[in-house]
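build me a model:
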Amino acid sequence: MSGINDYIDSEVKSQDVVVFMKGTPGFPQCGFSGQVVQILDYLGVDYKGVNVLTSNELRQGIKDYSNWPTIPQLYVKGEFVGGCDIIREMFQAGELQTFLSEKGIAARGAA
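I've put the predicted structure just below:
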């Protein structure tokens, strides 16, 4: 268990923006992952997608790591931001853009 936790921890901390998702940014394997990718792409955010479908251990591990039951999961600067619904609501309210710029992440449409 600790091995997967260390892997997740290093992914989250080594990249400014990381999405744990089903599939890849170029080929999302579920609608919710696709929505988060679309939002980040629209904002022009540089991010890394981690495909949880590559291993059951990773798919369960990320849920344990964040204590969040669903995928995708967005992390910014090592901090868990939320899943698809939260990201979509933040984006529609303009909060995601503000949040990213406060964290020093370049995004289009940031205030």
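
helices of this protein, start to end?
For the chain, the helices defined by DSSP state H cover 2-14, 31-43, 56-66, 84-92, 95-102.

of all these, which lies closest to Lys77?
Across the helices of the chain, Lys77 has its closest neighbour in helix 2-14 (8.7 Å, C-beta to C-beta). C-beta coordinates here come from the backbone N, C-alpha and C atoms, glycine included.

can you redo the helices of the chain as CSV with mean neighbour count?
As requested, the helices of the chain are arranged in CSV below (neighbours: other C-beta atoms under 10 Å):
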stretch, mean neighbour count
helix 2-14, 14
helix 31-43, 18
helix 56-66, 17
helix 84-92, 17
helix 95-102, 17
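
contacts only, for Gly34.
Applying C-beta atoms under 8 Å, 6 or more residues apart in numbering, we find Gly34 in contact with 23, 28.

go with 6 Å
Pro28 (C-beta atoms under 6 Å, 6 or more residues apart in numbering).

against Thr70, how distant is it?
14 Å (C-beta to C-beta, to the nearest Å).

Ile105: what's it in contact with?
By C-beta under 6 Å, 6+ apart, the contact set of Ile105 is Asp16.

how near is it to Ile62?
Noted for Ile105: a distance of 21 Å to Ile62, by C-beta to C-beta.

pLDDT weak spots in this protein?
1, 109-111 (pLDDT under 70).

how about a cut-off of 90?
1-2, 106-111 (pLDDT under 90).

buried set for stretch 41-53?
43, 45, 47, 49-52 (16 or more other C-beta atoms under 10 Å).

most widely separated two among those?
Using C-beta to C-beta, the two most remote members of the buried residues of stretch 41-53 are Leu43 and Val52, lying 22.3 Å apart.

contacts only, for the residue nearest to Val45 when sequence neighbours are not counted.
Distance criterion C-beta to C-beta, 6 or more residues apart in numbering; nearest residue to Val45, sequence neighbours excluded, is Ala107 at 5.2 Å. Neighbouring residues of Ala107 by C-beta under 6 Å, 6+ apart: 43, 45, 97, 100.
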